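J.: just need the structure, nothing else, for what follows:
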Amino acid sequence: MPQIVLASPDVGEEEFRQRWIYELKSTTAPRYTLYASRQDLPVALSSWLHGERRLGAGGKDISVMPPMDSVDASGITKEWFGLSHSYFGDNSTVMNDLFVLIHHNAAPSKRPRLRRVQGSQGDYWEFRR
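T.: Prediction:
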């Protein structure tokens, strides 16, 4: 089944909320998933440069916009000597989650390493350690 996955996107949160969320809702994909991380240095720099929070910024203020499932990878994406921007392709925990999502169309509640968390914008998911 087709999935729409946004992995560390450098898109303004408000622009996405006003413009792109309607595009997502008009597609036939069964599930929409956002992966974000507060450890992502390019996304943090872009937020500073644009003066607007980016969709790829994680943490307790992660973007929550149903029907999209928001997954915070901040707790597992810290790189000591890197930018922490390619975590979705480099981190085995994220890759395993993507596999279960894509191959089984599994909701976050059915994926083994995720737990529900209440954030400032609503409930989201984060990786258990």
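J.: and the residue nearest to the spatial centre of the chain, how close does it get to Ala73?
T.: Centroid-nearest residue in the chain, with C-alpha atoms, centre = their mean: Tyr35, separated by 1.8 Å. Plainly put, Tyr35 is 6 Å away from Ala73 if you go by C-beta to C-beta, to the nearest Å. No exception for glycine: its C-beta is placed from N, CA and C like everyone else's.
J.: now for these two: what residues contact both?
T.: Tyr87, Phe88, Val94 (C-beta atoms under 8 Å, 6 or more residues apart in numbering).
J.: where does the prediction get shaky in this structure?
T.: 1, 78-86 (pLDDT under 70).
J.: that one: helices as residue ranges?
T.: Secondary structure of the chain (DSSP state H): helices located at 13-15, 21-25, 41-50, 87-90, 92-104.
J.: and those, which is most packed in?
T.: Greatest average neighbour count among these goes to helix 87-90 (a mean of 18), per mean count of other C-beta atoms under 10 Å.
J.: CA atoms only: put that helix into CSV for me.
T.: The C-alpha trace of helix 87-90 is given here as CSV (Å, rounded to 0.1, in the frame of the first residue of the first chain):
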residue,chain,number,x,y,z
TYR,A,87,18.9,9.7,10.9
PHE,A,88,15.9,8.2,9.1
GLY,A,89,18.3,6.4,6.8
ASP,A,90,21.2,5.8,9.2
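J.: so what does that helix touch, helix or strand wise?
T.: helix 92-104 (3 or more C-beta pairs under 8 Å, 6 or more residues apart in numbering; DSSP states H and E).
J.: convert the helix it packs on to PDB, retaining C-alpha atoms only.
T.: C-alpha atoms of helix 92-104 as PDB (Å, rounded to 0.1, in the frame of the first residue of the first chain):
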ATOM      1  CA  SER A  92      18.400   1.000  12.600                       C
ATOM      2  CA  THR A  93      15.600   1.800  15.000                       C
ATOM      3  CA  VAL A  94      14.000   4.300  12.500                       C
ATOM      4  CA  MET A  95      14.700   2.000   9.600                       C
ATOM      5  CA  ASN A  96      12.900  -0.900  11.400                       C
ATOM      6  CA  ASP A  97      10.000   1.400  12.200                       C
ATOM      7  CA  LEU A  98       9.800   2.500   8.500                       C
ATOM      8  CA  PHE A  99       9.900  -1.200   7.500                       C
ATOM      9  CA  VAL A 100       6.900  -2.100   9.700                       C
ATOM     10  CA  LEU A 101       5.100   1.000   8.600                       C
ATOM     11  CA  ILE A 102       5.500   0.400   4.900                       C
ATOM     12  CA  HIS A 103       5.300  -3.300   4.700                       C
ATOM     13  CA  HIS A 104       2.500  -3.900   7.200                       C
END
